[in-house]
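A.B. asks: How does the following fold in three dimensions:
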Amino acid sequence: MYTRIGLTIALILMKYISGYIHAAEIFIINPSTVNAINIWKGKHTAYYIDKENKYSFREISSISFASKFQTPDKEMLVINNPNYSYWVKIDFLNQADEDYKFIFEIYDQTIDYAEVYIPTQKGYEKYVCGDKFPFYDRLYKHKNFAFNLYLPYNKPVSVYVKYVPGHSTTVVGAVKTNLVFISYALKEYFYLALFYGLVLSLIFYNFIMYVKMRLRYYILFVLYLLSVGLSMASNDGIGFHILWQNLPSFNNTFLHISSFILVATMLLFFLEFAKEIKFPMIVYTISFIFIGLRFLVMLYNLWNNGSLNISPIDLTIRLFLMICSIYAFMRGNRSIRYYMIGMVFLFFGYSVRELMSNGILGNNIFTVYMHLFCEALQMILISLAMSDRIQLTMQDINKKQKLALEQLAETNKETEKIKISLEQKLEQQIRAERYVSEGMQALSKVLTAHLNDPDVLYQNTLTFICKYFNMRLGTLYLVPFNSEKLVLRATYAVHDSEQILYEILPHEGLLGSLFSEPTSKIITNLPEDYYKISSGLGQSSPSVAYIEPLSFNNKLIGVFELAAFSEIKQEEYYLLKRCLEQIATTFNNVLSNEATQIMLKESREKEQQLLQQDQIMKQQIEELVTLKEEFERREKELLREIHLLKSAHK
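C.D. replies: Numbering: from 1, shown residues only. Sure, this is the predicted structure:
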């Protein structure tokens, strides 16, 4: 009786002292839980951060040091500084039976280094573990780190673990009887075998499909499956257990390389599989930025032993792919529906894993294996998506073949109807291609349509820019040849002629200042007397104006003044700038041609004047020759008359 009273008082004092020192709960194993998986979590752990790695176990385990321990404020203890030493203390009390043999288990298989101090009847026994050591050095040949734990009946004991993980991790483990450990390990390895068997089956099936179909997304999916298997095997310890037992350096290498290949092939597979959808350019840009970022992270982790946490980046990538797949499905891509569902499951599974890793969710069979279940489900759904794509393609082909046969039957009846039908289809196809052509191609057609008629070219170019970029009104000014002023050459939707400036001198207003500084300007605070936009309901004022100079070889050749109700998007503005570069080149050529024509006209006029002057001179010379001849004739007559007179006088 006195023994029980003393034990009760000791327990109360130990709980009080532990609550006063580090507030961690004692992990009690009683008869009702002894045959269960007893997972110790954040509330059972007290920890101390040894930033300089200078304390020994004797100092850490001393009573004077106990006040320096603290408990985590979350469900799990999360190590965010992987290069520090974390001392973790867990207090156990066995109220079940002294005959039970217990096993102390650490769940993180990827920690670099750990020291485990297990209580014995004679004191403490030290074990060193981590994925830096060969697998066969382990006491138990299991993917997790497991150690024999002596728990005397009704006597509190403490286990100390020194973590130097090398990467961000969550401190969690379990205490099991040896029978529970064996039973759980058999079940766990069986389910993992099912998962890896599924991965290998899908790899074989999709490789055969690639050989048969020669579709690139099949080989990308095969590479994705290989990287999933290798990444999972590196992360859960199966690879270290089965494939590279005596090569611990491969753990981090395979983990980082395979996780990068996984992300890269995941992104490339999606872009290839959903290429029928015309995604905005930003989707492709973000995808390749993610690939480049993960490549740099892989190099950094290989060089720094995996000190950078990649989970938030990978979770963001999966969220990005889930959103893109939903977008593709909403755009009418039916074959991506299974892929979309798979990405939703995958994002959910890895979100649960991330919440568990950050100590927000507890460690249980649901949170530990949810990402594996969702990964397997996603791989199956992607395989279904590719099969569904082939089935839908075959249905479309069959429909087209049936339609072609019906049309071919009609061709035997009425040749003229076939001709009209083909012309109509051709015309529809041309219209469709014209409709989906890029802005630069459409602009090129506008710029090359009326090179010989500058006025039409200027007006058509301005009209195209306004309509394509949803501008409500616009004006176009150009600098004529051998001039230092802007001259109005085209307008769009400007009805008030009194507001229009037909000529603008240098430094005259906002447009005139472009002569000295030809830079783009976006004006949002427009004056009240700015151009009005007219419609059937009245007039309204634009809210934004774009002043876009046209420069060629750093010389101002013209200005676009555009106005709209709202600002255009960034990618639209980028396309506008590209269009203006092409317009500037074309307009410079047109203006040069105009200058050449003016100079040619002036040259011809001068040539005509010279011809006229030459004809006048020739005429005058002819008249002078005639006068000379007349003068000589008269002179001869006078001389003859004089001679006759002289002869008569004689």
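A.B. asks: low pLDDT regions in this protein?
C.D. replies: 1-23, 305-307, 359, 362-364, 428-438, 496-499, 529, 534-538, 650 (pLDDT under 70).
A.B. asks: pretty sure Glu272 is touching Tyr217, no?
C.D. replies: Yes: look at Glu272 against Tyr217 with Cβ atoms under 8 Å: they come within range, at 4.4 Å. Placement of C-beta: from N, CA and C, glycine included.
A.B. asks: Which one's more surrounded, these two?
C.D. replies: Tyr217 (23 against 15; other Cβ atoms under 10 Å).
A.B. asks: Return the distance of the most centrally placed residue in the chain relative to Val544.
C.D. replies: For the chain, the residue sitting closest to the mean C-alpha position, by Cα atoms, centre = their mean, is Ile286 at 1.4 Å. Going from Ile286 to Val544 by Cβ to Cβ, to the nearest Å gives 27 Å.
A.B. asks: got the phi/psi numbers for the nearest residue to Gln459 once chain neighbours are set aside?
C.D. replies: Excluding its sequence neighbours, the residue lying closest to Gln459 (Cβ to Cβ, 6 or more residues apart in numbering) is Ala490, at 4.4 Å. Per-residue torsions, Ala490: phi -160, psi 150 (degrees, to the nearest 10).
A.B. asks: Ala490 pairs with what?
C.D. replies: Counting by DSSP bridges, Ala490 forms beta bridges with Leu476.
A.B. asks: is it true that it touches Val456?
C.D. replies: No: assessed by Cβ under 8 Å, Ala490 is found out of contact with Val456, at 9.4 Å.
A.B. asks: higher neighbour count, the two?
C.D. replies: Of the pair Ala490 and Val456, Ala490 is the one with more neighbours under other Cβ under 10 Å, namely 21 against 13.
A.B. asks: who touches that one in this structure?
C.D. replies: Neighbouring residues of Ala490 by Cβ atoms under 8 Å, 6 or more residues apart in numbering: Asp455, Tyr458, Gln459, Thr461, Leu462, Thr475, Leu476.
A.B. asks: Which residue ranges of the stretch 301-450 of the chain form helices?
C.D. replies: Assignment of helices within the stretch 301-450 of the chain using DSSP state H, counting those that start in this stretch yields the ranges 311-330, 337-357, 365-411, 415-436, 439-449.
A.B. asks: got CSV for those helices, with mean neighbour count and distance to Phe190 too?
C.D. replies: Listed next are the helices of the stretch 301-450 of the chain as CSV, based on neighbours: other Cβ atoms under 10 Å; distance: least, Cβ to Cβ, whole Å:
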stretch, mean neighbour count, distance to Phe190
helix 311-330, 18, 27
helix 337-357, 20, 20
helix 365-411, 15, 13
helix 415-436, 10, 53
helix 439-449, 15, 58
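A.B. asks: Would you mind telling me which of the ones you listed is nearest Tyr210?
C.D. replies: helix 365-411 (10.1 Å; Cβ to Cβ).
A.B. asks: circling back: out of the helices of the stretch 301-450 of the chain, nearest to Tyr573?
C.D. replies: Taking the helices of the stretch 301-450 of the chain one by one with Cβ to Cβ, helix 439-449 is closest: 12.1 Å.
A.B. asks: What residues sit buried inside the helix or strand just after the closest one?
C.D. replies: Note on helix 439-449: by DSSP states H and E, the next helix or strand toward the C-terminus is helix 454-468. Using 16 or more other Cβ atoms under 10 Å as the test for burial, helix 454-468 gives Pro454, Leu457, Tyr458, Gln459, Asn460, Thr461, Leu462, Thr463, Phe464, Ile465, Cys466, Tyr468.
A.B. asks: and which of those residues is nearest to Leu377?
C.D. replies: Tyr468 (44.8 Å).
A.B. asks: how close does that closest one sit to Ala564?
C.D. replies: Applying Cβ to Cβ to Tyr468 and Ala564 gives a distance of 12 Å.
A.B. asks: same question, Glu414
C.D. replies: When distance is defined by Cβ to Cβ, Glu414 is 51 Å away from Ala564.
A.B. asks: looking at it, Thr463 is touching Tyr492, isn't it?
C.D. replies: Yes: applying Cβ under 8 Å, one finds Thr463 in contact with Tyr492, separated by 5.6 Å.
A.B. asks: what about the closest residue in space to Thr448 that isn't next to it in sequence, helix or strand, and which?
C.D. replies: The spatially closest residue to Thr448, leaving aside those adjacent along the chain, is Thr586, at 7.9 Å (Cβ to Cβ, 6+ apart). Here Thr586, judged by DSSP H and E, is contained in helix 570-649.
A.B. asks: Great, nothing more from me.
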